[in-house]
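> this is the structure alone, sequence omitted:
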């Protein structure tokens with residue numbers, strides 16, 4: 001498989017896959033945290049709004065006591081005839097089960113009539129209202145206590161309003177209590193409950209009331225039996241009583257199945273991208289290897305004759321100026337014959353390195369075959385510059401070459417030609433450079449004979 005080399009997954013694929021998996025993990029984490037934060041903000045707003053609606057429902061039921069209290073104060077505690085007045089208030093507030101008048105805490109009248117087992121005859125002696133009665137009288141404040149279960153299916157709250165008559169005393173004279181029995185099941189209107197059920201997102205909620213003395217929370221209303229995980233909590237107070245509304249999204253803060261599906265999709269996306277990256281890398285490597293096999297000389301790592309011809313054709317097509325330097329080693333056949341082809345190959349490798357060191361970045365060196373080398377100098381150059389390059393090449397090649405078994409001195413014959421000065425046809429330019437090289441070679445032989 002193209003992604004596996006020598007039995008191992010290629011390095012770029014490993015790196016790409018690792019980076020993608022790490023990135024995907026951070027993306028999923030960020031998206032997950034962002035979603036939870038957004039949900040939390042939504043639930044906070046929903047919870048505060050719902051708490052306001054619950055408070056409004058409570059406040060709507062409580063003023064009835066204040067009205068009756070005012071009537072008691074206006075009659076200086078005379079409640080005769082109240083049986084004709086109080087029943088008129090009750091239909092206006094469906095959650096009121098009963099209104100009880102209790103001078104000095106003892107029940108005297110209640111409206112409507114209720115079975116004796118469902119009323120409290122003495123507020124100071126009842127386990128339900130005893131402590132609240134004393135606190136209401138001492139602190140001159142209304143207290144909302146409960147829930148109580150006189151009937152298993154009908155939890156109620158009890159609102160105790162202490163009544164003080166106007167007297168010469170600054171604090172007034174304590175008359176007793178006006179007590180309202182409030183049905184919890186009818187206390188909160190349907191609009192408030194629907195707001196939580198059909199909000200966006202839909203929410204599960206639980207409404208608790210706290211006992212101010214032992215801080216126990218009692219569930220008053222909810223739309224779920226399941227435990228609420230990490231709920232948003234909004235606390236509020238009504239008539240010296242503390243309440244708390246717990247809210248969570250109905251579908252939870254996050255969906256494990258959705259998170260799992262997203263993770264699987266991202267994982268396979270990482271795999272596919274890694275495969276594509278690996279394919280591109282291996283394709284590039286194959287192309288580079290193919291180009292090296294096609295256009296590079298395997299012995300010297302210089303460009304070969306095919307590349308040389310291809311570039312000259314491109315220069316001619318684009319009408320670009322250039323200079324060709326043609327180089328051939330002198331007496332190289334004698335080296336191969338006397339010292340062997342291995343030594344000859346080493347000499348060629350060393351000469352190739354020397355040529356590369358003598359030319360500029362952007363200049364191109366080629367081995368055409370055997371001991372023949374060429375150099376292309378792109379751009380226009382005058383003869384003096386070219387001759388300077390040639391002298392540098394000759395001096396570098398002429399320096400003593402040290403091998404493992406021999407020390408020797410190699411010389412080269414060099415010629416050059418320029419385009420378009422000598423010719424605009426690349427083949428003609430090559431012939432001229434080759435001709436000048438052989439002229440230099442003949443001159444070198446003549447010097448050797450002398």
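That came through, no problem. Everything quoted here is computed from the prediction, not taken from an experiment. Numbering: from 1, shown residues only.

> in stretch 72-87, which residues are buried?
For stretch 72-87, the buried set under the neighbour-count rule, 16 or more other C-beta atoms under 10 Å, comprises 72, 79, 82, 86. Placement of C-beta: from N, CA and C, glycine included.

> hmm, who's touching it?
Contacts of stretch 72-87 from elsewhere in the structure, counted by C-beta atoms under 8 Å, 6 or more residues apart in numbering, are 68, 71, 99, 101, 103, 108-109, 111-112, 163-166, 175, 178.

> quick check: the two most widely separated of those?
By the measure C-beta to C-beta, 112 and 166 form the most distant pair in the contacts of stretch 72-87, at 29.7 Å.

> where are the low-confidence patches of the stretch 1-150 of the chain?
1-17, 20, 22, 24, 32, 61-65, 89-92, 115-118, 150 (pLDDT under 70).

> what about the helices in the stretch 51-200 of the chain?
Using DSSP state H, counting those that start in this stretch, the helices of the stretch 51-200 of the chain run over 63-74, 130-139, 184-187, 190-197.

> in TSV, list the buried residues of stretch 72-87 along with distance to residue 420.
Shown next, in TSV, are the buried residues of stretch 72-87 (distance: C-beta to C-beta, whole Å):
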residue	distance to residue 420
72	122
79	127
82	125
86	120
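
> roughly how far does residue 158 sit from residue 147?
In this structure, residue 158 and residue 147 are 9 Å apart, going by C-beta to C-beta, to the nearest Å.

> do the same with residue 322
Between residue 322 and residue 147 the distance is 100 Å, computed by C-beta to C-beta.

> so between those two, which is more surrounded?
Neighbour tally, residue 322 and residue 147, criterion other C-beta atoms under 10 Å: the higher count belongs to residue 322, 22 against 15.

> surely that one touches residue 386?
No: between residue 322 and residue 386 no contact is recorded; they are 11.1 Å apart, counting by C-beta atoms under 8 Å.

> okay, now residue 167: neighbour count?
Residue 167 is flanked by 10 other residues according to other C-beta under 10 Å.

> show me what the residue nearest to it when sequence neighbours are not counted is bridged to.
Nearest residue to residue 167, sequence neighbours excluded (C-beta to C-beta, 6 or more residues apart in numbering): residue 173, at 4.6 Å. Residue 173 has the following beta-bridge partners by DSSP bridges: residue 165.

> ok, residue 173 to residue 76 distance?
Residue 173 sits 10 Å away from residue 76, going by C-beta to C-beta.

> need the residues touching each of those two.
Counting by C-beta under 8 Å, 6+ apart, the contacts common to residue 173 and residue 76 are residue 165.

> export the helices of the stretch 51-200 of the chain to a markdown table and tack on distance to residue 38?
Shown next, in a markdown table, are those (distance: least, C-beta to C-beta, whole Å):
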| stretch | distance to residue 38 |
| --- | --- |
| helix 63-74 | 39 |
| helix 130-139 | 43 |
| helix 184-187 | 32 |
| helix 190-197 | 18 |
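
> please identify which of those helices is closest to residue 264.
Taking those one by one with C-beta to C-beta, helix 190-197 is closest: 33.0 Å.

> following the closest one, which helix or strand comes up?
Next along the chain after helix 190-197, taking DSSP states H and E as the criterion, comes strand 203-210.

> how about that next one: buried residues?
Neighbour counts over strand 203-210 (16+ other C-beta under 10 Å) mark 203-210 as buried.

> show me the strands in the stretch 201-350 of the chain, by range?
Under the criterion DSSP state E, counting those that start in this stretch, strands of the stretch 201-350 of the chain are mapped to 203-210, 217-222, 232-238, 241-249, 322-329.

> can you tell me which of those the model trusts least?
Note on these: strand 217-222 shows the lowest mean pLDDT, a mean of 80.

> follow-up on the earlier one: for the buried residues of strand 203-210, which one is nearest residue 185?
residue 207 (12.5 Å).

> any idea how far residue 243 is from that closest one?
Relative to residue 243, residue 207 is positioned 7 Å away (C-beta to C-beta).

> need the residues touching each of those two.
In contact with both residue 207 and residue 243: residue 54, using C-beta under 8 Å, 6+ apart.

> check contacts around residue 253.
Residue 253 makes contacts with 36, 39-40, 229-230, as judged by C-beta under 8 Å, 6+ apart.

> selection in PyMOL covering whichever of these are buried, please.
Listed next is the PyMOL selection for buried residues among the contacts of residue 253, using 16+ other C-beta under 10 Å:
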select buried, resi 39
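
> what's the local residue count around the nearest residue to residue 345 once chain neighbours are set aside?
Excluding its sequence neighbours, the residue lying closest to residue 345 (C-beta to C-beta, 6+ apart) is residue 299, at 5.9 Å. Residue 299: 13 surrounding residues under other C-beta under 10 Å.

> done for today, thanks.
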